[in-house]
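# For reference, the sequence and a predicted model appear below.
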Amino acid sequence: MSDIRILTEDQLRDRVQLDEAAIRVIEDAFAALARGGVVMPPILSMHMPDVNGELDVKTAYVPGLAGFAVKLSPGFFDNPAKGLPSTSGLMVVLSSATGRVQAVLLDNGYLTDVRTAAAGGVAARHLSRKDSSRASIFGAGLQARMQLQALRLVRPIAEAVIWARDPAKAEALAADMCGDGLTVRAEQDPAAAASFGDVIVTTTPASQPILRAEWLRPGQHVTAMGSDQPGKNELDPQCLDRADLYVADRVSQTMLMGELRAAIDAGLLGQNEIIPELGDIIIGRHPGRTGPDQITIADLTGTGVQDTAIATHALAAFSEET
C-alpha cells in the first residue's frame, strides 16, 4: 500500500491546468476511441431525485497507457444553498499491466472539470468556423467559465454573452470574465443570446430545453454538454433536425442520456441512423464541417476515456517525483 500515490486537490491544481496540453490530451483520447481497441463500458449512473443528486462512475482502458482510471463523480445540485459546490469526486488509477492501484487522485471533481472543458475546446476546434470570434454561454456556473476559457484556447474569441436563469449570476460571471482582450456581458433574453454567438455552449443541468431551434442561424456551432443523465435536456430536439451535422462524443451514450435521446423520442432521428463521433472527425474518418454556413452540434455526455486520459496526464506531471 505504501506504493500508492495519494494526490490532493491542491497538488493537482498546482500541476494540471486547462491549457493547450490538456486539450491535446483529450483530443488524443477521442482519437484513440475512434481508432478502436479502447475498452469503455457503459456509464454506471445513479439518480437520487429526492435529494436532487446523482452519481456517475466512468472508466476506460486505453491500450498503450500505463494505467486506467475509475472515476466517481457525484453531483448534488442543492449544495450551493448549503454553501457547497454541486460536484465533487475522486479518481483511482490502476496499472494496466497488473491491475494494482497506482494512485488515488482526491481531486474533488477538478480533473473532471478540466477534461470536460477541454472536450468543449476539442469540439470547437474541429467543428466551429476558424474565424469564430463571438461566444454565447448558457449557464453561469464553474463549467460555463471554463468552457469560455477553453474556447479562447482554440478560437479568436473576443466577445461573449452569458445567459442564465439567475440574471444576477450571469451578471457576476460576465463582470469577472471581462479583460485580457475579452468583452463579456450578461444577456437576459435567451433568443438574443443564442443569435449573438458564432459558438454556443450550453452548460446547465436543465431538464427542459433552454435553446430553441428557431434561434439558430447559419454558420453557428453548438456544444451541448449538460445532458449527462436520461432526465436532462438542454436543446429543443428540433435543433438536431435543423443542424447540418450532429456529432456525438459516444453515440451509444447520447442515445441514452444526451440530446440525441430527446430527438429520437421526438421521432426526428432514427435508432439506426449513422452518426459520426467526435473522434471520427479528429482522425479524418468524417469530414466534419464542410461549409461556412452549416450549423453543427456536438453532444458531449462525458466519456470514461477522457477520465483515463486526464488522470494519466495528471500523474505524468508528478512523474519526476519518485
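Arrived safely. Residues are numbered from 1 along each chain as shown.

# which parts of stretch 125-144 are buried?
Of all the residues in stretch 125-144, those buried under the rule 16 or more other CB atoms under 10 Å are 125-129, 132, 134-144. Just so you know, the C-beta spots here come from the backbone N, C-alpha and C atoms, and that holds for glycine as well.

# end-to-end on that stretch?
This stretch, stretch 125-144, spans 17 Å end to end (CA to CA, to the nearest Å).

# what about it, average pLDDT?
Mean per-residue pLDDT for stretch 125-144: 97.

# picking up where we left off before, tell me which of the buried residues of stretch 125-144 fall in strands.
Members of the buried residues of stretch 125-144 lying in strands (criterion: DSSP state E): 134-138.

# neighbouring contacts of stretch 273-291?
Residues outside stretch 273-291 that contact it (CB atoms under 8 Å, 6 or more residues apart in numbering): 27, 30-35, 119, 122-123, 126-129, 221, 244-251, 260, 269, 296, 298, 300.

# Quick one: end-to-end length of that stretch, please.
Using CA to CA, the end-to-end distance of stretch 273-291 comes to 22 Å.

# quick one: buried residues of it?
275-282, 286, 288-289.

# Turn those into a markdown table, columns for secondary structure and pLDDT.
Converted to a markdown table, these look like this (DSSP: H, G, I helix; E, B strand; the rest coil; pLDDT from 0 to 100):
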| residue | secondary structure | pLDDT |
| --- | --- | --- |
| Ile275 | coil | 94 |
| Pro276 | coil | 97 |
| Glu277 | strand | 98 |
| Leu278 | helix | 98 |
| Gly279 | helix | 98 |
| Asp280 | helix | 98 |
| Ile281 | helix | 98 |
| Ile282 | helix | 98 |
| His286 | coil | 97 |
| Gly288 | coil | 97 |
| Arg289 | coil | 97 |
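
# right, and out of those, which lies closest to Val62?
Proximity of the buried residues of stretch 273-291 to Val62, judged by CB to CB, is greatest for Gly279, which lies at 12.1 Å.

# any idea how far Gly64 is from that closest one?
Note on Gly279: its distance to Gly64, by CB to CB, to the nearest Å, is 15 Å.

# Arg289 now?
From Arg289 to Gly64 the distance is 30 Å (CB to CB).

# Show the subsequent helix or strand relative to the one helix or strand Arg13 maps to.
Per DSSP states H and E, Arg13 falls inside helix 9-15. Going down the chain from helix 9-15, the next helix or strand is helix 20-35, by DSSP H and E.
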